[in-house]
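Asker: sequence and predicted model, in that order:
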Amino acid sequence: MAEPIGVPISPEFVAKYNKPGPRYTSYPTVPAWKQAFGEAEYREALDELKGRPDDELAVYLHVPFCAKACHYCGCNMLVTRDKDEVTAYLDRLETELGRVVDVIGSGRRVVQFHWGGGTPNYLKNDQIERVLAMFRAAFAIAPGAEVSLEIDPRIGSPEQARFLREAGFNRISLGVQDFEPRVQQAIGRRQSRDKTLEVYHGCREAGFPGVNIDLVYGLPGQTRESFGETLDEVIGLAPDRVACFSYAHVPWVRPNQEKVDTTIMLQGYEKFALFQLTVDRFREGGYAWIGIDHFAKQDDELSVALRDRALHRNFMGYATKPAPHMLAFGMSGIGDVCDRFVQNDATIDGWSQLVDAGGLPIVKGHKLSDDDKLRRLAILNLMCNLELPWELTVAGWGERADRLFADSLEQLPPLIADGLVTRDDFGLRITAKGRYFVRNVAMILDAYLAQDTGKPLFSRTV
Ligand code: SF4
């Protein structure tokens, strides 16, 4: 059933549900992971992976470099203009990759290979070729695999787009955030419209089958009118997908965000209204609303996967290529291997020292318990398919989800009364109103949220 466009939601209602909460790119979420999980535990997971040679893989590569820091940045990035620092990073990356391949063997089939950052197109063409060659020697990138990267149009060009397409990338994401110069000034990221359009059209002319645009709502200086213009302009370009992320203002985690002028930032209901505007404009423009914050053309693989209930969510966001494991390389990389989450050291010095010391640069992780796996399945179903069928758990756990989650579901009646979710013999279904608050519904199944650590961990759900 298609949801109506423009669901009315009051400011009081938004205030009630605007609370800190995870985005659930994993469950359990990173704050629940333990520092005590390290290299030995990761090697155990890789050993297990070696024993499952037919399992397909997703691979994430972190390229941390940026020429200049944006005030709003929430990424693990590194400002450098030092060519030797980049070369040293790639040398260590090769070492890290070699150590993993020494355990699992080479030639494993990869169905999703994503480069994130930082700014992957900060690398020069010869450096990109070098990295591609090392990963192609280590893995068998499957025909039809998604090979994608994020780029900063400010340092891109049509020539670079052509090079990337010829090198084998088939999906490209352009960081746009907002076209409005006043907003760009406020976030410390001047990006001319002409440059963005030149690179966007360059990607199209280079023949990328998938071109994405990333936007951010809730940035300083944004108004409903100005952001509406950015949305109209983006829809006019007709990208295959758009991700419109909520700006997470977490200066206690990202001190660079202290530079963000919060006095000119829409918050609470006004910020929520920006996202409602986004949803309405993209749906009127013919896009499908995917999960919580993605939009895709109706014939895009993401829309097809949504209709087929085959959508997946991992650390890279929404995905169509289901891979049971994800290997991550580079500083701060987060992997998911044989039911263990693992994270590399998020600092360049820490990651480099661990690689130089002869080991794998893991600093934290988590081995999923059976209860974690069960809740992960349920939460990811809500985040992707907007439902939790009671039968979902029968095959794996021999019991219906409503019985397994009986305790958690005791928190459901207020959410049902508020019209966010319905419950019947089939299971739970997120309503048209509840689509804006899926994270709040998923939170009732999260066994770790009750454990108050005394420090703020998450951004707000709105
Ligand atoms: S927002 Fe992107 S380009 Fe800006 S500093 Fe962060 S990673 Fe670099």
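Answerer: Ah, there it is.
Asker: in the stretch 251-400 of the chain, what residue is nearest the ligand?
Answerer: With CB to the nearest ligand atom as the measure, Asn256 is the residue of the stretch 251-400 of the chain nearest to the ligand, at 8.0 Å. For every residue, glycine as well, the C-beta is placed using N, CA and C.
Asker: now for that residue, how many residues are close by?
Answerer: 15 (other CB atoms under 10 Å).
Asker: repeat for Asp214
Answerer: 16.
Asker: can you name the residues bridging to it?
Answerer: Asp214 has these beta-bridge partners by DSSP bridges: Gly175, Ala243.
Asker: who's in contact with it?
Answerer: Residues in contact with Asp214, defined by CB atoms under 8 Å, 6 or more residues apart in numbering, are Glu150, Ser173, Leu174, Gly175, Val176, Gln177, Val242, Ala243, Cys244, Phe245.
Asker: what about the last one, how many residues nearby?
Answerer: The reference is to Phe245. 18.
Asker: and which of the contacts of Asp214 is nearest the ligand?
Answerer: Nearest to the ligand among the contacts of Asp214, counting by CB to the nearest ligand atom, is Gly175 at 5.9 Å.
Asker: contacting residues for the closest one?
Answerer: Gly175 neighbours (CB under 8 Å, 6+ apart): Glu150, Ile151, Asp152, Pro153, Asp214.
Asker: narrow the residues you listed to those in strands?
Answerer: Among the contacts of Gly175, the members found in strands (DSSP state E) are Glu150, Ile151, Asp214.
Asker: kindly report the residues of this protein close to the ligand.
Answerer: Residues of the chain lying near the ligand by CB under 6 Å from any ligand atom: Cys66, Ala69, Cys70, Cys73, Cys75, Met77, Gly117, Gly118, Thr119, Asp152, Gly175.
Asker: just the buried members of these?
Answerer: Cys66, Cys70, Cys73, Cys75, Met77, Gly117, Gly118, Thr119, Asp152, Gly175 (16 or more other CB atoms under 10 Å).
Asker: okay if I get those as JSON lines plus pLDDT, distance to Gly236 and secondary structure?
Answerer: Formatted as JSON lines, these follow (pLDDT from 0 to 100; distance: CB to CB, whole Å; DSSP: H, G, I helix; E, B strand; the rest coil):
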{"residue": "Cys66", "pLDDT": "94", "distance to Gly236": "28", "secondary structure": "strand"}
{"residue": "Cys70", "pLDDT": "96", "distance to Gly236": "25", "secondary structure": "coil"}
{"residue": "Cys73", "pLDDT": "96", "distance to Gly236": "27", "secondary structure": "coil"}
{"residue": "Cys75", "pLDDT": "93", "distance to Gly236": "28", "secondary structure": "coil"}
{"residue": "Met77", "pLDDT": "94", "distance to Gly236": "30", "secondary structure": "coil"}
{"residue": "Gly117", "pLDDT": "93", "distance to Gly236": "27", "secondary structure": "strand"}
{"residue": "Gly118", "pLDDT": "95", "distance to Gly236": "29", "secondary structure": "coil"}
{"residue": "Thr119", "pLDDT": "97", "distance to Gly236": "26", "secondary structure": "coil"}
{"residue": "Asp152", "pLDDT": "97", "distance to Gly236": "22", "secondary structure": "coil"}
{"residue": "Gly175", "pLDDT": "97", "distance to Gly236": "18", "secondary structure": "strand"}
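Asker: if we can go back for a sec, touching, the residue of the stretch 251-400 of the chain closest to the ligand and Ala69? I think so.
Answerer: Yes. With contacts counted by CB atoms under 8 Å, Asn256 reaches Ala69, the gap being 5.6 Å.
Asker: helix or strand for Arg130, which one?
Answerer: Using DSSP states H and E, Arg130 sits within helix 125-138.
Asker: CA atoms of stretch 92-107 as PDB?
Answerer: Output in PDB follows, covering the C-alpha atoms of stretch 92-107 (Å, rounded to 0.1, in the frame of the first residue of the first chain):
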ATOM      1  CA  ARG A  92      50.200  -0.100   5.200                       C
ATOM      2  CA  LEU A  93      46.900  -0.800   3.600                       C
ATOM      3  CA  GLU A  94      48.600  -3.400   1.400                       C
ATOM      4  CA  THR A  95      50.200  -4.900   4.500                       C
ATOM      5  CA  GLU A  96      46.900  -5.100   6.300                       C
ATOM      6  CA  LEU A  97      45.200  -6.600   3.300                       C
ATOM      7  CA  GLY A  98      48.000  -9.200   3.000                       C
ATOM      8  CA  ARG A  99      47.600 -10.200   6.600                       C
ATOM      9  CA  VAL A 100      43.900 -10.900   6.200                       C
ATOM     10  CA  VAL A 101      44.400 -12.800   2.900                       C
ATOM     11  CA  ASP A 102      47.100 -14.900   4.700                       C
ATOM     12  CA  VAL A 103      44.400 -16.200   6.900                       C
ATOM     13  CA  ILE A 104      41.400 -16.500   4.600                       C
ATOM     14  CA  GLY A 105      43.200 -17.300   1.300                       C
ATOM     15  CA  SER A 106      43.100 -15.300  -1.900                       C
ATOM     16  CA  GLY A 107      40.400 -15.300  -4.500                       C
END
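Asker: got a list of contacts for it?
Answerer: 43, 46-47, 49-50, 53, 61, 131, 134-135, 137-140, 327, 329-330, 351-352, 355-356, 359-361.
Asker: check the offset of that stretch from the chain's centre.
Answerer: 25 Å (CA atoms, centre = their mean, to the nearest Å).
Asker: give the buried residues for that stretch.
Answerer: Across stretch 92-107, burial judged by 16+ other CB under 10 Å covers Arg92, Leu93, Glu94, Glu96, Leu97, Arg99, Val100, Val101, Ile104.
Asker: do the same with stretch 303-318
Answerer: For stretch 303-318, the neighbour count (16+ other CB under 10 Å) marks Ser303, Ala305, Leu306, Leu311, His312, Arg313, Asn314, Phe315, Met316, Gly317, Tyr318 as buried.
Asker: reformat those residues as TSV; add pLDDT and secondary structure.
Answerer: Shown next, in TSV, are these (pLDDT from 0 to 100; DSSP: H, G, I helix; E, B strand; the rest coil):
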residue	pLDDT	secondary structure
Ser303	95	helix
Ala305	93	helix
Leu306	92	helix
Leu311	91	coil
His312	89	strand
Arg313	90	strand
Asn314	87	strand
Phe315	85	coil
Met316	83	coil
Gly317	85	strand
Tyr318	89	strand
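Asker: among these, which pair sits farthest apart?
Answerer: The largest separation in the buried residues of stretch 303-318, counting by CB to CB, is between Ser303 and Phe315 at 21.8 Å.
Asker: tally up the residues packed near Gln184, please.
Answerer: 19.
Asker: now Gly291. Nearest residue, chain neighbours left out?
Answerer: Tyr318 (5.1 Å; CB to CB, 6 or more residues apart in numbering).
Asker: likewise for Ala88?
Answerer: In space, Ala88 comes closest to Ser352 once its chain neighbours are excluded; the distance is 7.5 Å by CB to CB, 6+ apart.
Asker: which element is the one you found on?
Answerer: helix 348-356.
Asker: equivalent analysis for Lys321, please.
Answerer: Here Lys321 sits in a region with no helix or strand, counting by DSSP H and E.
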